[in-house]
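Q: 3D model of this:
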Amino acid sequence: MASLLVRPSRLGGEVRAPPSKSYTHRAASLALLAEGESRILGPLASLDTEATLEACRVLGAGVSASPGEWRMEGTGGRLRPRSPLIDARNSGTTLRIMTAVASHSPSPVRLTGDESLRRRPMGPLVEALRELGVEARCEGEGGRPPVVVGGGMVGGEAEITGEVSSQFISALLISCPYAGEEVKLRVVGELRSRPYVEVTLSLLERVGARIRRNAGLTEFRIPGEQLFRPLSLTVPGDYSSASFVLAAGALAGSEVRVSNLDPSDPQGDRVIAELLEEFGAEVEVGDRSLTVVGAERLEGVEVDCGDCPDLVPVLAVLGSVAEGRTVLTNIPHLRLKETDRLHALSSELGKMGAEVRELPDELRIRGVRRLRGARVSSFGDHRMAMALAVAGLVAEGTTVVEGAEAIPVSYPTFVEDMKRLGARMECV
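A: Residues are numbered from 1 along each chain as shown. Have a look, this model is predicted:
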């Protein structure tokens, strides 16, 4: 297991945001189902997205991947599995989307992953697929992976919860246009992480999918027997990954700029700019960049994080050293990520001297004057690892982040980029 040593640092300079993980997953999945050759320019090459690319190969796509470009020959929905097994590794997005896509396989396909992934809930998605005529089952206890699907999708009506993961909804929206008949899909409960569904819909429009929906994105009517046209996409920068660099700039920076960020992109995590300003940092929004000037003092904030759950780890770090109280609410689904992030943040930031209280669906944080270096665990969670590394930049002494090998899941160049800005970090 790799560890990351972090020492107090002063940051300054500019880095480029890595490509969006969410867009890369979705683009590859649509290219798999499309007829003809798709081109994905500037995809994120990470552990997670490579799992999706390999799943596309297994299901019959022709894939030519080179640095900076993926060319994919689609199946037109006529999946031809080269293997009955898909290994989604640690990627929840791969598991969810490819489960729905593989339902169109004429033969059964089994999807599994590492130990962490096999703890992720899949029951609601599998039940919705069953309602649509798919032969689907969970082999793990309590609706957990491995999952087996196949036999084709008939269509009809189905319900899916919006409270566990928006990936369930995105997976169905990508898959249902290839059903034999029209699909009526209803989202029940609160739709969390809505911007991720909006990203999915924006990409579906680019391949010509016809999907009618209401304003609340809780009711969808999807005609069957559709055929996606090839996708041509330049993957935008990732606000989720950029948030760690921007937060580090607010905490330990003179002036830190992150380029390759589109201010009009529907990614929910672009709200990081507003939140950093609420904390008291100076933020400048450029044409395709964000610049943050470090603040001498941050002030606590209250944030409903239902639509930006991936920001919670780094927002918790900011709150740990902000004056007063920070409250991060509407995040019970963070207990179902790579690890229980609410418990992990309370535990590991607590080791650094932070005052973090976890409730069933929120974090309450009382800022302290100074964190202290400690040996902390990421629990194999990439966002936990990066958040704790950012905390180490403003902690007294040395911080050792265990499980740093998880970082390339979403941001392979994180350590390199941080060192370029002046961070004193090294992997051991």
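
Q: and Thr416, helix, strand or coil?
A: Wrong residue type there; residue 416 is Glu, not Thr. Classification of Glu416 by DSSP: H, G, I helix; E, B strand; the rest coil places it in helix.

Q: Model confidence score at it, please.
A: Per-residue confidence (pLDDT) for Glu416: 97.

Q: Same question for the one 10 residues further on.
A: The predicted local distance difference test score for Glu426 is 95.

Q: Name the nearest residue to Tyr178, ignoring sequence neighbours.
A: Gly77 (4.3 Å; CB to CB, 6 or more residues apart in numbering). All C-beta spots, glycine's among them, are computed from the backbone N, C-alpha and C.

Q: is it true that the one you found touches Gly224?
A: No - contact between Gly77 and Gly224 fails when scored by CB atoms under 8 Å: they sit 10.7 Å apart.

Q: between those two, what contacts are shared?
A: Tyr178 (CB atoms under 8 Å, 6 or more residues apart in numbering).

Q: neighbour count winner among these two?
A: Gly77 (19 against 16; other CB atoms under 10 Å).

Q: I'd guess that one is in a strand, am I close?
A: No - under three-state DSSP, Gly77 falls outside any strand and is assigned coil.

Q: which intervals of the chain have sub-threshold pLDDT?
A: 1 (pLDDT under 70).

Q: domain assignment for it?
A: Each domain of the chain is listed here as a residue range: 3-18+237-427, 21-234, per automatic domain parsing.

Q: first to last residue in the first one, what's the distance?
A: End-to-end distance for domain 3-18+237-427: 6 Å, by CA to CA, to the nearest Å.

Q: For Arg424, which non-adjacent residue is spatially closest?
A: Arg7 (4.0 Å).

Q: what's near enough to touch that neighbour?
A: Counted by CB under 8 Å, 6+ apart, Arg7 has contacts Gly373, Gly392, Gly397, Thr398, Thr399, Arg424, Met425.

Q: ditto for Glu73
A: Gly36, Glu37, Ala61, Gly62, Val63.

Q: Helices of the chain, start to end?
A: 21-33, 47-58, 92-102, 123-131, 166-175, 194-206, 239-252, 272-279, 312-321, 341-351, 382-392, 414-420 (DSSP state H).

Q: Tell me which other helices or strands the second one touches.
A: What that stands for is helix 47-58. helix 21-33, strand 62-66, strand 85-87, helix 92-102 (3 or more CB pairs under 8 Å, 6 or more residues apart in numbering; DSSP states H and E).

Q: now the third one
A: Helix 92-102 sits against helix 21-33, helix 47-58, strand 85-87, strand 109-112, helix 123-131, strand 147-150, helix 166-175, with contacts defined as 3+ CB pairs under 8 Å, 6+ apart.

Q: Make TSV from the helices and strands packed on helix 47-58 and add distance to Phe168 and mean neighbour count to it.
A: Listed next are these as TSV, based on distance: least, CB to CB, whole Å; neighbours: other CB atoms under 10 Å:
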stretch	distance to Phe168	mean neighbour count
helix 21-33	14	28
strand 62-66	26	13
strand 85-87	17	19
helix 92-102	6	27
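
Q: Can you check which of those gets nearest to Phe414?
A: Closest approach to Phe414 among those (CB to CB): helix 21-33, 12.5 Å.

Q: That closest one versus helix 194-206: what angle between them?
A: Here the directions of helix 21-33 and helix 194-206 differ by 30 degrees (axes from the mean of the first three to the mean of the last three CA atoms, to 10 degrees).

Q: Helix 21-33: how far from the chain's middle?
A: 13 Å (CA atoms, centre = their mean, to the nearest Å).

Q: what is the orientation angle of it with helix 47-58?
A: 0 degrees.

Q: Just confirm Ser346 contacts Val356, I think it does.
A: Yes - with contact defined as CB under 8 Å, Ser346 counts as touching Val356 (4.4 Å).

Q: Could you name every residue contacting both of those two?
A: With CB under 8 Å, 6+ apart, Ser346 and Val356 have common neighbours Leu363.

Q: So in terms of bridging, what pairs with Arg372?
A: Glu396 (DSSP bridges).

Q: Surely it is in contact with Gly392?
A: No - look at Arg372 against Gly392 with CB under 8 Å: they stay out of range, at 10.1 Å.

Q: More neighbours: which of these two?
A: More crowded of Arg372 and Gly392, by other CB under 10 Å: Gly392, with 30 against 13.

Q: Now do the contacts for that one.
A: By CB under 8 Å, 6+ apart, the neighbours of Gly392 are Val6, Arg7, Gly373, Thr398, Thr399, Val401, Met425.

Q: top of those by neighbour count?
A: In the contacts of Gly392, the most neighbours by other CB under 10 Å go to Val401, 29 neighbours.

Q: Please report how far that one lies from Glu416.
A: 16 Å (CB to CB, to the nearest Å).

Q: Which residue, neighbours along the chain excluded, lies closest to Gly36?
A: Pro230 (4.1 Å).

Q: Equivalent analysis for Gly143, please.
A: Gly123 (2.3 Å).

Q: OK, contacts around the one you found?
A: Applying CB under 8 Å, 6+ apart, the residues near Gly123 are Cys138, Gly142, Gly143, Arg144.

Q: does Val428 really touch Thr398, like I thought?
A: No - with contact defined as CB under 8 Å, Val428 does not count as touching Thr398 (11.0 Å).

Q: shared neighbours of the two, anything?
A: By CB under 8 Å, 6+ apart, the residues touching both Val428 and Thr398 are Leu5.

Q: Stretch 374-382 spans what distance, first to last residue?
A: 18 Å.

Q: cool, stretch 367-378 as well?
A: 21 Å.

Q: what's in contact with that stretch?
A: So stretch 367-378 is in contact with 6-7, 298, 300, 319-326, 344, 348-349, 351-355, 384-385, 388, 391-392, 394-404, 406, going by CB under 8 Å, 6+ apart.

Q: Report the buried members of those.
A: 6-7, 298, 300, 319-322, 326, 344, 348-349, 351-354, 384-385, 388, 391-392, 394-395, 399-404, 406 (16 or more other CB atoms under 10 Å).

Q: Now stretch 273-287 - C-alpha only, PDB.
A: Coordinates of each C-alpha in stretch 273-287 appear next as PDB, following Å, rounded to 0.1, in the frame of the first residue of the first chain:
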ATOM      1  CA  ALA A 273     -16.300  28.600  -7.100                       C
ATOM      2  CA  GLU A 274     -19.300  30.000  -5.100                       C
ATOM      3  CA  LEU A 275     -18.600  27.900  -2.100                       C
ATOM      4  CA  LEU A 276     -15.000  29.100  -1.900                       C
ATOM      5  CA  GLU A 277     -16.200  32.700  -2.000                       C
ATOM      6  CA  GLU A 278     -18.700  31.900   0.800                       C
ATOM      7  CA  PHE A 279     -15.800  30.500   2.900                       C
ATOM      8  CA  GLY A 280     -14.000  33.900   2.300                       C
ATOM      9  CA  ALA A 281     -11.500  33.100  -0.400                       C
ATOM     10  CA  GLU A 282     -11.100  35.500  -3.400                       C
ATOM     11  CA  VAL A 283     -12.200  33.700  -6.600                       C
ATOM     12  CA  GLU A 284     -11.900  35.000 -10.200                       C
ATOM     13  CA  VAL A 285     -13.900  33.200 -12.900                       C
ATOM     14  CA  GLY A 286     -12.200  33.400 -16.200                       C
ATOM     15  CA  ASP A 287     -13.300  32.400 -19.700                       C
END
